[in-house]
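Novice: Below: sequence and its predicted model.
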Amino acid sequence: MIQYYAYPKCSTCQKGKKWLESNGAEFDYIDNRKTHHLQRS
């Protein structure tokens, strides 16, 4: 399973999500604004 980290307002991220969906890929969509453990300190 793919873990797809994306920023919802990013057009490139939106295109990537659309591509995954149209190609039947199974993925977890993860809003990178909500992943505090990935943010720099």
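Specialist: Perfect, thanks for sending it. Just so you know, these numbers come straight off a predicted model, no measurement behind them.
Novice: quick one: the helices in this structure?
Specialist: Counting by DSSP state H, the chain has helices at residues 11-22.
Novice: can you give me the strands in it?
Specialist: Listed in chain order, the strands of the chain (DSSP state E) span 2-6, 27-31.
Novice: The closest residue to Ala25 other than its chain neighbours - how many residues pack around it?
Specialist: Nearest residue to Ala25 in three dimensions, chain neighbours excluded: Ile2, at 6.1 Å (Cβ to Cβ, 6 or more residues apart in numbering). Using the backbone N, CA and C atoms, a C-beta is placed for each residue, glycine as well. For Ile2, the number of neighbouring residues by other Cβ atoms under 10 Å comes to 9.
Novice: my read: Ile2 touches Leu20, true?
Specialist: Yes: between Ile2 and Leu20 a contact is recorded at 7.0 Å, counting by Cβ atoms under 8 Å.
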